[in-house]
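Novice: Sequence and predicted structure below; questions after.
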Amino acid sequence: MSPSATMDPGLLEVRDLRKHYPTRQGWLGRSGAMVRAVDGVSFSIAAGETLGLVGESGCGKSTTAKLILRLQDPSAGQILWRGQHIEGLNQAGMRSVRRELQAVFQDPYSSLNPRIRAADIVAEPLRNYEALSTAQARERVASLFERVGLRPDQMLKYPFEFSGGQRQRLGIARALSVQPKLIVCDEPVSALDVSVQAQVINLMMDLQHEFGLSYLFVAHDLAVVEHISQRVAVMYLGRIVEIAPKRMIFTHPQHPYTEALLEAVPVPDPTARRQRRILGGDVPSPINPPSGCHFHTRCPYAEERCRREQPVMREVAAGQFAACHLREPLAAMPIG
Ligand code: SF4
């Protein structure tokens with residue numbers, strides 16, 4: 001059973017998504033090796049749910065986000081938005097989907113046009129979808145400003161006149177302006193100070209409750225993901241290695257890589273710190289990744305079979321899926 005087959009496919013379903021692209025070699029720019037940035041990713045997100053997508057940098061989580069947003073074309077696989085295939089849609093075909101599927105990016109400064117006033121930045125998507133008078137647009141933008149914790153008198157300012165946290169609030173207001181169903185958030189708080197991170201995360205959670213939003217929340221910070229997510233997917237070298245409800249991931253991780261990520265989180269207890277095992281080595285290159293289980297070059301439990309066979313994703317506890325040869329699949333319930 002696949003992790004996406006166990007629940008209501010809901011809003012978004014991704015099946016065996018792949019993004020491979022050739023490197024360029026030599027001054028003629030000939031195609032060289034293939035980079036397997038995303039290498040067979042499957043999951044779904046239900047209405048009102050937040051799925052956290054975590055992993056070390058370079059694991060393919062941001063590329064997965066870009067593929068879902070159709071900022072990049074997938075090499076293979078399927079993306080279903082409310083049951084409709086969108087992986088092959090052109091820009092015109094994506095228009096109606098984009099209204100419901102919005103994005104918030106890591107660096108609010110580079111994702112906001114520095115020459116446009118804040119009010120126009122927030123109003124831009126709104127004007128793309130609704131014929132509003134200037135007064136109507138202004139009223140809607142003022143209300144969005146207030147909702148995300150900005151003052152209406154800041155509407156005429158330019159992005160550089162806002163702090164980092166305020167710019168991210170501006171990005172959230174822009175995404176919210178068209179009443180989306182799902183927001184893909186790519187490291188939305190990692191450029192912010194810790195105290196500001198908490199404010200922005202709490203704002204996002206409030207907005208989720210108020211508007212019934214879903215989030216795909218891409219981050220490398222496990223504490224942030226634990227705070228905001230209902231389920232968590234762990235990525236390693238282009239593949240999801242474990243996906244489960246948050247509580248199970250953080251209390252009973254089933255994949256050795258998830259274990260290692262959790263053990264790497266600093267804890268204030270010096271005794272516990274001494275007991276931590278630190279994951280050795282760097283993430284291998286997605287060009288020519290290790291055979292079999294991609295994690296075998298760093299896994300303390302690796303055995304011969306791990307070098308040869310790619311482990312399949314299996315349900316190892318109710319609702320918890322892991323791709324590791326050492327994990328037994330959940331026993332089928334006896335009939336009768
Ligand atoms: Fe480690 Fe083998 Fe499991 Fe991969 S399949 S995580 S190498 S034990």
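Specialist: Nice, thanks for sending it over.

Novice: For this protein, which residues score under the pLDDT cut-off?
Specialist: Scanning the chain for pLDDT under 70 picks out the ranges 1-9, 25-31, 108-109, 266-278, 332-336.

Novice: where do the helices sit along it?
Specialist: Taking DSSP state H, the helices of the chain run over residues 61-68, 91-100, 108-111, 118-129, 134-147, 164-176, 194-211, 222-228, 246-251, 256-263, 270-275, 304-308.

Novice: Is it possible to get CSV of those helices that adds mean neighbour count and distance to Cys293?
Specialist: Placement of C-beta: from N, CA and C, glycine included. Listed next are those as CSV, based on neighbours: other C-beta atoms under 10 Å; distance: least, C-beta to C-beta, whole Å:
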stretch, mean neighbour count, distance to Cys293
helix 61-68, 24, 19
helix 91-100, 13, 35
helix 108-111, 17, 36
helix 118-129, 19, 42
helix 134-147, 16, 46
helix 164-176, 24, 37
helix 194-211, 16, 33
helix 222-228, 19, 22
helix 246-251, 17, 19
helix 256-263, 21, 9
helix 270-275, 8, 25
helix 304-308, 14, 5
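
Novice: Ok, which of the ones you listed comes nearest the ligand?
Specialist: Nearest to the ligand, of all the helices of the chain, is helix 304-308, at 3.2 Å by C-beta to the nearest ligand atom.

Novice: Export only the CA atoms of the closest one, formatted as PDB.
Specialist: Below are the C-alpha coordinates for helix 304-308, written out as PDB (Å, rounded to 0.1, in the frame of the first residue of the first chain):
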ATOM      1  CA  GLU A 304      25.000  -6.300   1.900                       C
ATOM      2  CA  ARG A 305      21.400  -6.300   0.600                       C
ATOM      3  CA  CYS A 306      21.100  -2.600   1.100                       C
ATOM      4  CA  ARG A 307      23.800  -2.000  -1.500                       C
ATOM      5  CA  ARG A 308      22.000  -4.000  -4.100                       C
END
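
Novice: So what pairs up with the residue nearest to Leu101 when sequence neighbours are not counted in the strands?
Specialist: Spatial nearest neighbour of Leu101, excluding adjacent residues (C-beta to C-beta, 6 or more residues apart in numbering): Leu182 at 5.5 Å. Per DSSP bridges, the residues bridged to Leu182 are Leu101, Ser214.

Novice: List the residues that contact Leu182.
Specialist: 11-12, 45, 100-102, 213-216 (C-beta atoms under 8 Å, 6 or more residues apart in numbering).

Novice: burial of the closest residue to the ligand within the stretch 101-250 of the chain, as a residue count?
Specialist: Nearest residue of the stretch 101-250 of the chain to the ligand (C-beta to the nearest ligand atom) works out as Val241 at 7.1 Å. Residues within reach of Val241, counting by other C-beta atoms under 10 Å, total 25.

Novice: OK, contacts around it?
Specialist: The contact partners of Val241, taken as C-beta under 8 Å, 6+ apart, are 234-235, 255, 257-258, 295, 322-324.

Novice: could you redo those residues as CSV and give each row distance to Tyr21?
Specialist: Formatted as CSV, these follow (distance: C-beta to C-beta, whole Å):
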residue, distance to Tyr21
Val234, 23
Met235, 18
His255, 27
Tyr257, 24
Thr258, 28
Phe295, 23
Ala322, 28
Ala323, 24
Cys324, 28
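
Novice: List just the nearest of those to Lys61.
Specialist: Of all those, Lys61 sits closest to Met235, with 5.1 Å by C-beta to C-beta.

Novice: isn't that closest one right up against Ala65?
Specialist: No: contact between Met235 and Ala65 fails when scored by C-beta atoms under 8 Å: they sit 11.1 Å apart.
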